[in-house]
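> Sharing a model prediction with you, sequence too.
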Amino acid sequence: MPKTYLCFLWHMHQPFYKDLVSGEYRLPWTRMHALKDYYGMVKILEEFPEIRQTFNLVPSMMLQVEEYASGEANDPYLALALKPAEKLTHEEHAFILRNFFMANPSRMIYRYPRYGELYSAYQAQKPLNDARGIFGAQEFRDLQVLSQLAWFDEDFLDNDAEVRALVDKGRNYSLEDQARMGRKQREICAAVIPEYRKLAATGQIEISTTPFYHPILPLICDSDIASVAHPGVALPPRFRYSGDAKMQLERARDYVQHTFGVAPAGLWPSEGSVSDEALRIAASVGFEWAATDNGVLDRTLNRTASPEVTYRPYRWQQEDASMNMIFRDHLLSDLIGFVYSGMGAADAAEDFLRRIRANCKGILASGRDALVPIILDGENAWEYYDRSGRPFFRELYRRIQDDSGIEAITVGEAFRRIKPEPLQRIFPASWINANFDIWIGAEEDNRAWKLLLAARQAYDNVLADPTIQLPEDRRKLALEELLISEGSDWNWWYGPEHESANRIEFDQIYRDHLANVYRALGVPPPAELSHSILKIHVDETQMPPTGQVSPTINGTIDSYFEWLGAGVYRTDGKQGAMHGQRELVRDVRFGADDDNAYLRVDFAEAGVSLEKLEVQVVSGPTGDHVVATVRIEGGKAAVRSGTAAAAFSEVLEIAVPAHFAETGIGLAFWQDGLPVAAIPRDGCFRVVESLG
């Protein structure tokens with residue numbers, strides 16, 4: 001009987017945060033995800049021995065995990081988490097308050113009552129810039145401990161007695177507790193690689209990899225290739241170093257073989273970025289399969305990549321080079337990445353499998369097996385899920401294991417089960433919009449490429465100059481910094497598409513890596529590296545109410561003055577570490593009078609269907625209480641539940657009794673049984689507090 005095969009590929013990656021000259025880690029995110037995601041995502045499979053999966057491990061990320069495990073990592077964020085609170089300086093207080101609340105409020109911060117108290121206190125005092133005045137030594141120590149525990153893996157939270165004791169204590173932590181928290185971090189980091197090695201040895205997982213420092217291979221081979229996917233795009237001076245691309249691939253393969261004992265057969269090219277030249281180089285290095293997105297398959301075949309087209313393996317071949325390939329189901333992968341975190345675990349798992357069965361029905365009926373590739377980020381989504389997504393995975397894996405018609409297999413197995421279809425070419429593109437626009441073409445992106453090219457040429461010039469005798473250790477350092485600078489992560493944050501609280505730090509780290517190239521070469525860094533590449537100013541996205549409002553609830557903007565005094569929440573259209581979130585709302589106005597709280601939603605104008613959209617008015621610190629539900633249907637709004645008034649025409653206007661806003665008020669948007677958006681993204685608007 002024909003069968004449905006699921007290929008899960010989890011991509012584990014963080015930028016290289018270590019400064020090779022100072023030895024300092026500039027940001028803590030590799031450590032934080034090592035605590036919460038890298039270990040637990042593979043450990044949970046021990047509960048489901050019939051579920052086989054592929055894990056894509058980026059070498060530059062794993063190198064950092066190894067340093068944390070050995071205790072060698074010089075991480076100032078961790079050092080401040082472990083420093084006695086009584087000895088913290090004024091500047092360190094400010095640093096901790098600025099950086100130790102960088103976690104999802106509803107899923108991670110408010111999960112721990114004391115952490116939630118400290119966060120609420122900080123948020124209340126933040127506009128006055130005097131939060132330090134309400135934080136004494138004990139408050140800071142509690143923050144130091146809880147800001148780290150919030151990132152601990154669920155397996156350790158549930159089963160490790162020492163970690164459990166720290167969680168149960170809840171507050172009033174001691175110096176001994178701080179030290180224990182630091183020691184347990186090292187234990188978790190040290191468990192990561194052995195767990196992958198263990199399951200790889202049993203065959204339950206396959207380990208694939210990515211070019212060493214995560215570069216966009218087609219652009220490293222030839223940056224002008226971006227114009228194929230986007231004709232007329234503004235491009236920087238041509239960067240063309242295919243030898244660097246090969247080096248990044250060779251070193252990645254060598255690292256995995258050294259670490260796990262087996263050379264990887266599979267490749268997830270950074271950001272699913274492919275071209276014929278990149279595939280030829282990967283094949284020459286020894287890779288046997290690669291994966292990318294079905295949007296790339298669309299443009300390769302000049303047809304819509306329906307399930308019938310997507311759910312099969314392919315074999316790319318040109319002359320004597322060949323590569324097996326799979327193409328991810330973009331929609332299903334994004335449902336896990338962005339949508340199911342807003343649903344109950346069982347409902348999300350059932351919806352996912354229902355969609356797969358529907359997609360595969362015709363394929364199976366034709367007598368053919370269906371291969372469903374699910375490929376996504378294996379780390380950044382889970383902070384938005386209940387308990388880091390573990391309840392969802394248990395529901396999903398149990399259902400798969402219990403269904404005789406579905407089997408979860410590794411990517412390598414897929415090519416042994418199903419004969420690949422031939423491909424003579426591949427369209428040069430990434431998984432995002434089947435082009436390279438995230439990394440090249442915008443003013444900031446192009447300036448970053450120009451600076452990279454200048455550093456690369458400086459390296460070539462020094463090596464070619466017979467009068468310069470560069471010591472080998474300095475040559476190696478310069479080359480390493482160049483390869484790090486070729487990573488895709490720096491340009492992820494340049495340009496208009498993405499936003500991060502650490503965007504300024506990413507810009508500084510990138511320019512420091514380039515400056516280190518020149519220092520290693522003994523050449524003065526160009527003055528341009530001292531200036532920020534960032535040009536785009538990000539406006540404040542939320543402004544509180546300045547006075548009472550009493551609008552007429554009729555769905556139209558009767559006058560400019562009707563909502564004058566309301567607070568404004570404006571989405572900026574940017575995204576974070578994960579790309580693909582649907583933008584539904586342009587902005588929301590919110591306010592109140594003595595009787596009611598009011599909300600006005602201005603929807604995004606392009607490409608958004610509002611039919612059968614359900615809008616929930618929610619309240620409470622984390623927005624977990626549904627006050628009323630409004631449904632848009634046939635161009636009108638109707639209250640489906642709760643006490644509210646609503647109307648929709650130009651805009652959606654809603655009124656609810658004012659007392660519901662006392663603890664905060666917000667909106668949750670659902671469509672076709674799936675969560676679409678939450679406004680604000682974390683917590684609720686503080687309407688009553690803002691009005692005094």
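Perfect, thanks for sending it. Note that the structure is a prediction, hence the values are computed from the model and not measured. Numbering: from 1, shown residues only.

> now the strands for the stretch 551-692 of the chain?
If DSSP state E, counting those that start in this stretch is used as the criterion, the strands of the stretch 551-692 of the chain fall at 567-570, 585-592, 596-603, 613-619, 625-633, 636-642, 645-648, 652-657, 665-671, 674-679.

> Looking at the ones you listed, spot the one closest to residue 227.
Across the strands of the stretch 551-692 of the chain, the minimum distance to residue 227, taken as Cβ to Cβ, is reached by strand 585-592, at 31.6 Å. C-betas here are computed from N, CA, C, even on glycine.

> Run me through the strand neighbours of the closest one, direction for each.
Neighbouring strands of strand 585-592 in its sheet, by DSSP bridges, are strand 567-570 (antiparallel), strand 596-603 (antiparallel).

> Select, out of these, the one closest to residue 549.
Between residue 549 and the strands paired with strand 585-592, the tightest spacing by Cβ to Cβ is seen for strand 596-603, at 5.9 Å.

> That closest one to strand 613-619, inter-axis angle?
Between the direction of strand 596-603 and that of strand 613-619, the angle (axes from the mean of the first three to the mean of the last three Cα atoms, to 10 degrees) works out to 140 degrees.

> Return the mean pLDDT over strand 596-603, rounded to an integer.
pLDDT averaged over strand 596-603 equals 92, rounded to a whole number.

> Distance to residue 273 for the strands of the stretch 551-692 of the chain - can I get that in JSON lines?
Supplementary listing: the strands of the stretch 551-692 of the chain in JSON lines, determined by distance: least, Cβ to Cβ, whole Å:
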{"stretch": "strand 567-570", "distance to residue 273": "32"}
{"stretch": "strand 585-592", "distance to residue 273": "31"}
{"stretch": "strand 596-603", "distance to residue 273": "33"}
{"stretch": "strand 613-619", "distance to residue 273": "35"}
{"stretch": "strand 625-633", "distance to residue 273": "39"}
{"stretch": "strand 636-642", "distance to residue 273": "43"}
{"stretch": "strand 645-648", "distance to residue 273": "42"}
{"stretch": "strand 652-657", "distance to residue 273": "39"}
{"stretch": "strand 665-671", "distance to residue 273": "31"}
{"stretch": "strand 674-679", "distance to residue 273": "28"}
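
> Count the residues that sit near residue 172.
Per other Cβ atoms under 10 Å, the neighbour tally for residue 172 reads 10.

> okay, now the domains of the chain?
Following the assignment in automatic domain parsing, the chain carries domains at 443-530, 542-691.

> Of all those, which one comes closest to residue 5?
Each of those has some distance to residue 5 by Cβ to Cβ; the shortest is domain 542-691, at 24.2 Å.

> a markdown table please, covering the domains of the chain and showing distance to residue 299.
Output for the domains of the chain, formatted as a markdown table (distance: least, Cβ to Cβ, whole Å):
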| stretch | distance to residue 299 |
| --- | --- |
| domain 443-530 | 20 |
| domain 542-691 | 18 |
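
> Out of those domains, name the one with the poorest average pLDDT.
Mean pLDDT is lowest for domain 542-691 out of the domains of the chain, coming in at a mean of 82.

> mind giving me TSV with the strands of the stretch 551-692 of the chain and columns for distance to residue 559 and mean neighbour count?
What follows is the strands of the stretch 551-692 of the chain, written out as TSV (distance: least, Cβ to Cβ, whole Å; neighbours: other Cβ atoms under 10 Å):
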stretch	distance to residue 559	mean neighbour count
strand 567-570	17	19
strand 585-592	14	23
strand 596-603	13	24
strand 613-619	24	23
strand 625-633	23	19
strand 636-642	21	16
strand 645-648	16	21
strand 652-657	14	23
strand 665-671	24	22
strand 674-679	24	20
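
> Please identify which of those strands is closest to residue 71.
Of all those, the one in closest proximity to residue 71, counting by Cβ to Cβ, is strand 674-679 (39.5 Å).

> List the single closest residue to residue 493 in space, sequence neighbours excluded.
Using Cβ to Cβ, 6 or more residues apart in numbering and skipping the chain neighbours, the partner closest in space to residue 493 is residue 506 (4.6 Å).

> So which bits of the helix or strand hosting that neighbour are buried?
Secondary structure from DSSP states H and E places residue 506 in helix 503-521. Buried residues in helix 503-521, counted by 16 or more other Cβ atoms under 10 Å: 503, 506-507, 509-521.

> how close does the residue nearest to residue 422 when sequence neighbours are not counted sit to residue 279?
Spatial nearest neighbour of residue 422, chain neighbours left out: residue 315 (5.7 Å); criterion: Cβ to Cβ, 6+ apart. According to Cβ to Cβ, to the nearest Å, residue 315 and residue 279 sit 11 Å apart.

> For residue 387, which non-adjacent residue is spatially closest?
The spatial neighbour of residue 387 that comes closest, neighbours along the chain excluded (Cβ to Cβ, 6+ apart), is residue 154 at 5.6 Å.

> Likewise for residue 587?
The spatially closest residue to residue 587, leaving aside those adjacent along the chain, is residue 570, at 4.2 Å (Cβ to Cβ, 6+ apart).

> Residue 589 is in contact with that neighbour, correct?
No - distance between residue 570 and residue 589: 9.6 Å, which falls outside the contact criterion (Cβ atoms under 8 Å).

> isn't residue 68 right next to residue 186, touching?
Yes - with contact taken as Cβ under 8 Å, residue 68 and residue 186 are classed as touching, separated by 6.9 Å.

> More neighbours: which of the two?
When residue 68 is set against residue 186 and neighbours are counted by other Cβ under 10 Å, the residue ahead is residue 68, at 23 against 16.

> In contact with the more buried one, which residues?
Contacts of residue 68 were listed using Cβ atoms under 8 Å, 6 or more residues apart in numbering, and they are 30-31, 34, 75, 185-186, 189.

> quick one: which of those is nearest residue 417?
Each of the contacts of residue 68 was scored against residue 417 by Cβ to Cβ, and residue 34 proved nearest at 33.2 Å.

> Please report how far the closest one lies from residue 75.
11 Å.

> ditto for residue 535
When distances are taken as Cβ to Cβ, residue 535 and residue 75 turn out to be 30 Å apart.

> Same check on residue 492?
Here residue 492 is placed at a distance of 22 Å from residue 75 (Cβ to Cβ).

> neighbours around residue 219, how many?
Applying other Cβ under 10 Å, we find 28 residues neighbouring residue 219.

> swap in the one 3 residues further on?
Neighbours of residue 222 under the rule other Cβ under 10 Å: 18.

> Contacts only, for it.
Neighbouring residues of residue 222 by Cβ under 8 Å, 6+ apart: 238-240, 242, 277.

> Quick one, which of those are buried?
Of the members of these, the ones counted as buried by neighbours, 16+ other Cβ under 10 Å, are 239, 277.

> Of the contacts of residue 222, which belong to helices?
Within these, residues falling in helices by DSSP state H are 242, 277.

> so which of the contacts of residue 222 would you say is closest to residue 10?
Closest approach between these and residue 10, by Cβ to Cβ: residue 277, at 27.4 Å.

> Excluding covalently adjacent residues, which one is nearest to the closest one?
The shortest distance from residue 277 to any non-neighbouring residue, by Cβ to Cβ, 6+ apart, is to residue 221 (4.7 Å).

> Quick check: which ranges of the stretch 1-150 of the chain have low pLDDT?
127-133 (pLDDT under 70).

> can you give me the strands in it?
Read by DSSP E, counting those that start in this stretch, the stretch 1-150 of the chain holds these strands, from start to end of the chain: 4-12, 53-57.

> tell me the contacts of residue 474?
Remark: with contacts taken as Cβ under 8 Å, 6+ apart, residue 474 is in contact with 520-522.
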